[in-house]
Structure formats: structure tokens, C-alpha cells
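Trainee: predicted coordinates and the sequence they were generated for:
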Amino acid sequence: MAKSKVLIVGGTGYLGKRVVKASLANGHDTYILQRPEIGVDIEKVEMLISFKMQGAHLVTASFDDHRSLVDAVKRVDIVICAISGVHIRSHHILLQLKLVDAIKEAGNVKRFLPSEFGTDPARMKNAMAPGRVTFDDKMVVRKAIEEAGIPFTYVSANCFAGYFLGGLCQIGHILPSRDSVVLLGDGNQKAIYVDEDDIATYTIKAIDDPRTLNKTLYLRPPQNILSQREVVQIWEKLIGKELKKSTLSKEEFLAPMKDLEYAEQVGLCHYYHVCYEGCLANFEIGEEGEEASKLYPEVNYTAVENYMKRYV
Ligand code: NDP
């Protein structure tokens with residue numbers, strides 16, 4: 001059977017570039033949206049050319065030009081969007097409404113995977129402001145997809161390893177200390193950490209799998225469901241040294257909120273829900289969802305200890 005043709009939007013991004021690599025590695029005919037707006041951003045241009053040399057097709061289209069988006073999506077079966085959605089970098093989740101319009105008009109797309117890849121926004125109805133903007137915007141996009149009758153898969157990827165393991169689950173850190181760590185609350189809430197390349201691999205596996213049609217795919221690699229204390233223990237074992245530990249109550253954690261920049265406030269809210277409330281692991285996946293490591297046991301995912309060896 002011929003492999004699906006895949007268009008990746010946001011293909012030079014932190015996650016998007018890995019999705020491109022996974023798509024090529026899986027033998028899909030891979031198309032990447034090339035936005036004229038990137039101008040003379042030499043690193044993006046260089047990356048796009050390198051993907052082209054590996055067999056990808058570059059398709060010029062702009063979010064400001066509806067026709068170009070329609071023409072781009074007409075060339076493929078599957079659209080994966082990995083547009084930005086982290087305020088400390090940039091946040092353009094609602095731009096996807098233009099992509100939804102284009103997919104609706106084109107009428108040929110068999111599956112759309114919008115830019116999700118985090119906490120399941122459908123479970124965050126009571127999330128704290130201003131961080132809830134991420135979940136609210138992702139839900140606006142979901143509503144548009146479902147109202148347009150576009151077949152979809154939502155990927156709930158939990159914690160990107162680079163942010164959360166790199167920083168031993170501490171906001172504002174992406175490299176682990178060899179001296180000390182601040183435990184959030186009792187440090188015992190479970191979270192779920194996934195290597196970004198594994199997120200891309202599972203995503204590509206799901207794109208034409210009937211079991212994930214119109215469902216949420218949750219990434220829960222069983223060995224990677226760990227508390228902050230367990231992550232710290234793994235790091236201590238790797239460096240052969242115990243870290244000094246202090247703790248931060250939820251009130252202390254939230255107290256600086258009003259003095260922070262907006263983007264930092266959003267991040268603080270997200271860490272609060274993950275590390276104090278345990279919002280990623282405190283529910284059972286129901287009928288609306290599937291779990292990636294169960295569907296694709298052949299994926300040899302990176303366990304936390306192996307991931308963290310890079311920092312030693
Ligand atoms: P990036 O910040 O790397 O941006 C991705 C792409 O978005 C860029 O490469 C660019 O695409 C596109 N983009 C940026 N600005 C614009 C604009 N003005 N107009 C059009 N396109 C634009 O994104 P991430 O990889 O960090 O995030 C991707 C997804 O992953 C988001 O949904 C985010 O919420 C989620 N995420 C989840 C995390 C977790 O821990 N669970 C952590 C980080 C992200 P182009 O290639 O065309 O230039």
C-alpha cells in the first residue's frame with residue numbers, strides 16, 4: 001500500500017523539525033510548508049534545504065494567502081501542524097483557524113493533527129489564568145476542526161523531556177544542577193516525560209492508523225511516569241552525588257506571579273498544574289483516547305535514565 005503524503009506546517013520548529021525527520025524516516029512522501037515570511041532567516045532556510053536534500057518537498061504558502069494554503073493542503077493526504085504554542089518562544093495557536101478553513105475548502109485531507117503535543121486541553125476546563133489561554137486556544141481550534149467535519153487525531157504528548165527533565169522539573173531551568181534542587185510541594189506528584197524524537201515517532205505512527213481516527217493519542221511510556229523526586233533520584237544516581245533539597249509550597253510557588261512577565265505567568269500556571277496538581281497522570285484514558293506505547297509496542301522509546309545521560 002502506498003504511504004500517505006504528509007504536509008508538515010511549522011517544520012523548522014523545535015518539535016516540527018523532528019516530525020519532518022520521523023516522516024522521512026517512515027518513508028512518507030513528505031511536504032513542508034515554506035513561509036515566505038521567514039525571509040532571510042538563514043538557519044530556517046538552511047534547514048529547509050537540508051530536508052529537501054533528504055527527499056522532502058518544499059511548498060510555498062503563507063497564512064496571509066488563503067489560496068496558497070488551499071493549494072498546499074490539496075497536495076497531501078495528511079496535515080500535521082506544529083506551529084508555536086509556548087509563550088516564552090511564541091504563541092500562534094489560533095492562526096491554525098486559517099489552516100482549518102483551507103483544509104475544509106480543499107476537502108481531500110484524510111487526517112489533520114493540529115498543534116497540541118502537551119496537556120490535554122479538554123481536561124483543563126478549570127485551569128488557572130493566564131496559563132489557561134493555551135488550553136482555551138487549542139480548544140477553539142478543536143471546535144473549528146470538528147464543526148468542519150475534518151477527521152483528526154489530537155496528540156497529548158505530556159512533558160517535553162528537554163524542558164522538564166533538563167530542569168529537574170523546575171521552571172526556568174533546562175540544565176540539571178549538580179548541587180541543589182527545589183522540590184515542588186512534596187515532589188511526589190507523577191508527571192510523564194517524553195523524548196521529543198519519540199513524540200515525533202509516535203505522531204507519525206498514528207497518522208493513518210484507523211485506531212486513532214477522531215481520537216486523542218496519549219503518550220504514556222510506562223517507565224517515564226515519575227514524580228519529581230524520582231527524576232532527581234535518577235539524576236543523583238547518574239552523577240553519584242546527592243543534591244541539597246528545599247521545598248516550595250504551592251502558595252510560595254504562585255506568590256511571584258504578579259511580578260512576572262505575561263509569558264512567564266503562563267509558564268508558571270502550566271508547571272503548577274503539572275507538578276502540584278498532577279494533571280497529566282491523575283486520570284484514566286477513556287473511550288475517546290488511545291495510549292501510544294500500547295498501540296505501538298515496537299517503538300523503543302527513550303527511558304528517563306537514558307535521556308538524562310546526556311547531561312552528565
Ligand atoms: P516553536 O516555537 O518551535 O515554533 C514552531 C513553528 O511555528 C516555527 O518553526 C514556525 O514555523 C511557526 N511559527 C512561529 N511563528 C509564526 C508566525 N508568526 N506565523 C506562522 N508560523 C509561525 O514551537 P514548539 O515546537 O515549541 O511548539 C509546538 C507545539 O508543541 C505547540 O503546540 C506547543 O504548545 C507544544 N509544546 C509542548 C511542550 C510540552 O512540554 N508538552 C513544550 C513545548 C511545546 P516555520 O517552520 O514555518 O517557520
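Mentor: Sure thing, it's come through. Residues are numbered from 1 along each chain as shown.

Trainee: contacts only, for whatever residue of the stretch 201-312 of the chain ends up closest to the ligand.
Mentor: Using CB to the nearest ligand atom, His270 is the residue of the stretch 201-312 of the chain that sits closest to the ligand, at 8.0 Å. Every C-beta, even on glycine, is put in place using the N, C-alpha and C of the backbone. His270 makes contacts with Thr119, Gly131, Thr134, as judged by CB atoms under 8 Å, 6 or more residues apart in numbering.

Trainee: the first one contacts Val274, correct?
Mentor: Yes: taking contacts as CB atoms under 8 Å, Thr119 lies within contact range of Val274: 7.2 Å.

Trainee: so what's in contact with those two at the same time?
Mentor: With CB under 8 Å, 6+ apart, Thr119 and Val274 have common neighbours Leu280.

Trainee: what bridges to Leu183?
Mentor: Listed by DSSP bridges, the beta-bridge partners for Leu183 are Thr247.

Trainee: contact residues of the stretch 51-200 of the chain facing the ligand?
Mentor: For the stretch 51-200 of the chain, the residues in contact with the ligand (CB under 6 Å from any ligand atom) are 63, 82-86, 89-90, 92, 95, 115-118, 157, 159-160, 163.

Trainee: just the buried ones from those?
Mentor: Taking 16 or more other CB atoms under 10 Å as the criterion, what is buried in these is 63, 82-86, 95, 115-118, 157, 159-160, 163.

Trainee: okay, who's weakest in those residues by pLDDT?
Mentor: Sorting these by pLDDT puts Val86 at the bottom of the list (92).

Trainee: ok, it to Lys245 distance?
Mentor: Val86 is 28 Å from Lys245, where distance means CB to CB, to the nearest Å.

Trainee: check which helix or strand covers the spatially most central residue of the chain.
Mentor: Nearest to the geometric centre of the chain sits Phe117, at 2.7 Å (CA atoms, centre = their mean). Phe117 is part of no helix or strand, with elements assigned from DSSP states H and E.

Trainee: still on that earlier bit, just the ones in helices from the contacts of His270, please.
Mentor: Thr134 (DSSP state H).

Trainee: sitting in helices, which of the residues of the stretch 51-200 of the chain next to the ligand do you find?
Mentor: The helices, defined by DSSP H, take in Tyr163 from those.

Trainee: and the nearest residue to the residue nearest to the centre of the chain once chain neighbours are set aside, what does it touch?
Mentor: Leaving aside its sequence neighbours, Phe117 sits nearest to Ala157 (CB to CB, 6 or more residues apart in numbering; 4.3 Å). Residues near Ala157 by CB under 8 Å, 6+ apart: Glu116, Phe117, Gly118, Val194, Ile199, Tyr202, Leu219.

Trainee: for the stretch 201-312 of the chain, which segments count as strands?
Mentor: Using DSSP state E, counting those that start in this stretch, the strands found in the stretch 201-312 of the chain span residues 215-218, 225-227, 244-248, 289-291.

Trainee: ranking those strands by burial, who's on top?
Mentor: Comparing the strands of the stretch 201-312 of the chain by mean neighbour count (mean count of other CB atoms under 10 Å), strand 215-218 comes out on top with a mean of 22.

Trainee: given that strand, what are its sheet partners and their directions?
Mentor: Counting by DSSP bridges, strand 215-218 is paired with strand 153-156 (parallel), strand 289-291 (parallel).

Trainee: ok, and what's touching the last one?
Mentor: Going back to what we said before, that points to strand 289-291. Here strand 289-291 makes contact (CB under 8 Å, 6+ apart) with Ser156, Arg211, Thr212, Lys215, Thr216, Leu217, Tyr218, Leu219, Arg220, Ile285.

Trainee: give me the pLDDT for the second one.
Mentor: If I follow you right, that is Arg211. Per-residue confidence (pLDDT) for Arg211: 98.

Trainee: what is the neighbour count of it?
Mentor: Neighbour count of Arg211, defined by other CB atoms under 10 Å: 11.

Trainee: my guess is it contacts Tyr296. True?
Mentor: No: applying CB under 8 Å as the test, Arg211 and Tyr296 come out as separate, 10.1 Å apart.

Trainee: any idea which of the buried ones among the residues of the stretch 51-200 of the chain next to the ligand is closest to Asn224?
Mentor: Proximity of those to Asn224 (CB to CB) peaks at Cys159, which lies at 8.8 Å.

Trainee: so where's this structure uncertain?
Mentor: Scanning the chain for pLDDT under 70 picks out 1.

Trainee: would you map the helices across it?
Mentor: 16-25, 42-53, 66-74, 96-106, 132-147, 161-164, 196-206, 228-239, 250-254, 262-271, 292-295, 304-308.

Trainee: which elements pack onto the third one?
Mentor: Taking 3 or more CB pairs under 8 Å, 6 or more residues apart in numbering; DSSP states H and E as contact, the helices and strands that helix 66-74 lies on are strand 57-60, helix 96-106.
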